[in-house]
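A.B. asks: attaching a predicted model along with its sequence, questions to come.
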Amino acid sequence: MGDSTRIPAMVAGAILIVFGLISIFVLSRMNEQKIARCTEDTKAVVTKVKTKGSAEDKSLRYETDLEYTVDEQVYTLHYSLNTDLGEGSKVKMKYNPKDASEYYIASIDKRGDNSRVIGVISAGAGLAVIAIAGGVISTRTYG
């Protein structure tokens, strides 16, 4: 790998590592703090389910609207899910008693886990790019 491509590749690798570390630590920490604030229990009701895509090409999604009520105030949520929860069904959830618009549905919200996985993959890819660009791993083939 020549010097003209080595430095941009190393910069790209460093950017991937930084993005990965932000995903692992910052985003997952923000999600943990949100979960800690959401202490009150309630149930959300599925008010509408609309399908998009098709099962044949594995793009089937269920556009799902849920509603929950706190102190006579109705809140509406929208999720795009892989499974049909069924119109009229109830979903256990938690909300922040100081700000009822902040909520967490453990059975649906897995953002903290996803940000960790994406972070590890991103940081690993960044390390691989830097190792290859820095010459630690040889990309030459002989033959």
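C.D. replies: Thanks, I have it.

A.B. asks: check contacts around the closest residue to Tyr68 other than its chain neighbours.
C.D. replies: Nearest residue to Tyr68, sequence neighbours excluded (Cβ to Cβ, 6 or more residues apart in numbering): Ala44, at 4.2 Å. (Glycine included, C-beta is placed from N, CA and C.) When contacts are counted by Cβ atoms under 8 Å, 6 or more residues apart in numbering, Ala44 touches Leu66, Glu67, Tyr68, Leu77, Lys90, Val91, Met93, Ile105.

A.B. asks: for beta bridges, what are the partners of Ala44?
C.D. replies: Val91 (DSSP bridges).

A.B. asks: ok, and what's touching the lengthiest helix in the chain?
C.D. replies: Scanning the chain for the helix with the most residues, using DSSP state H, yields helix 111-133. Outside of helix 111-133, the residues within contact range by Cβ under 8 Å, 6+ apart are 1, 5-7, 9-10, 12-25, 27-28, 31-32, 35, 136-137, 139.

A.B. asks: could you pull out the strands for this protein?
C.D. replies: 40-52, 61-70, 73-81, 90-96, 99-104 (DSSP state E).

A.B. asks: check which helices and strands the shortest one sits against.
C.D. replies: Which is strand 99-104. Strand 99-104 sits against helix 28-37, strand 73-81, strand 90-96, with contacts defined as 3 or more Cβ pairs under 8 Å, 6 or more residues apart in numbering; DSSP states H and E.

A.B. asks: now with 10 Å, please.
C.D. replies: Other helices and strands packing on strand 99-104, by 3 or more Cβ pairs under 10 Å, 6 or more residues apart in numbering; DSSP states H and E, are helix 28-37, strand 40-52, strand 61-70, strand 73-81, strand 90-96.
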